[in-house]
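> Sharing a model prediction with you, sequence too.
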Amino acid sequence: MQVRVRPFRAADLSAVVDLSLRAWVPVYESFATVLGPEVFHRQYPDWRASQRGEVEAACTDGRARVWVADTGSRIVGFVAVVLAQDGDAGAIELLAVDPDHQGHSIGTALTEFATDWMREAGVSLVSIWTGGDPGHAPARRTYEKAGYTALPLTRYYKAL
């Protein structure tokens, strides 16, 4: 399957949101298992709505640069990059690959594309945040494969 990375266009929004929500189902299922139902529902009362809003904002508010992975007939992934005000640091804010196309190095291609773009923009430090839960294991493998170093962090939750 031939995939090219190209700039996001407004007409891509629906496809990007749809694939993102489907891609993050295993992540939120993992969160629910790890956190338990009470904490999960307090922390993520409607994860689909909040995730939809986050993706739509990244694609439309002008703060992020966004690219899509396109097969020519279908968008199969996307990545959103945000640069710090001084331009010396950057972050891969969002990245998702359509579940039907995962395991074909599309996430790696998007990660490397975004990293190369930031390098060319003069960025000297790039970060990517992801979860330590089982649902994020594929993302961690992708980022480590691309040469990123993990800094384990722990966040605790308690329902009151």
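Received, thanks. For clarity, every value in this text was computed on a predicted model and none was experimentally measured.
> in this protein, which spans are strands?
Here the chain has its strands, by DSSP state E, at 4-7, 65-70, 75-83, 89-97, 125-128.
> P138 is nearest to which of the ones you listed?
Among the strands of the chain, strand 89-97 comes nearest to P138, with 8.7 Å by Cβ to Cβ. (Glycine included, C-beta is placed from N, CA and C.)
> So for the residue nearest the centre of the chain, what's the nearest residue that isn't a sequence neighbour?
Centre of the chain computed as the mean C-alpha position; nearest residue by Cα atoms, centre = their mean is L95, 2.3 Å away. Distances taken as Cβ to Cβ, 6 or more residues apart in numbering put V79 closest to L95, at 4.6 Å, once the chain neighbours are dropped.
> Thought A64 was touching the one you found, still the case?
No - V79 is not in contact with A64 according to Cβ atoms under 8 Å; the separation is 9.3 Å.
> Have a look at those two and say which one is more surrounded.
V79 (30 against 19; other Cβ atoms under 10 Å).
> check contacts around the more buried one.
By Cβ atoms under 8 Å, 6 or more residues apart in numbering, the contact set of V79 is V5, V66, W67, I92, L94, L95, L110, T111, F113, A114.
> Quick one: neighbours of the first one, just the number.
As a burial measure, the neighbour count of V5 was computed by other Cβ under 10 Å and equals 18.
> quick revisit: now rank the contacts of V79 by neighbours and give me the top one.
Among the contacts of V79, L110 has the most neighbours (other Cβ under 10 Å), with 27 neighbours.
> Once you drop chain neighbours, what's closest to it?
Nearest non-adjacent residue to L110, counting by Cβ to Cβ, 6+ apart: V79, 4.1 Å away.
> Model confidence at the one you found, what's the number?
pLDDT, V79: 98.
> Report the beta-bridge partner residues of it.
W67, L95 (DSSP bridges).
> related to what we said a few turns ago, turn the contacts of V79 into a markdown table, including pLDDT and distance to L35.
Below are the contacts of V79 laid out as a markdown table (pLDDT from 0 to 100; distance: Cβ to Cβ, whole Å):
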| residue | pLDDT | distance to L35 |
| --- | --- | --- |
| V5 | 97 | 34 |
| V66 | 98 | 30 |
| W67 | 98 | 32 |
| I92 | 97 | 25 |
| L94 | 97 | 21 |
| L95 | 97 | 23 |
| L110 | 96 | 28 |
| T111 | 95 | 27 |
| F113 | 97 | 33 |
| A114 | 97 | 29 |
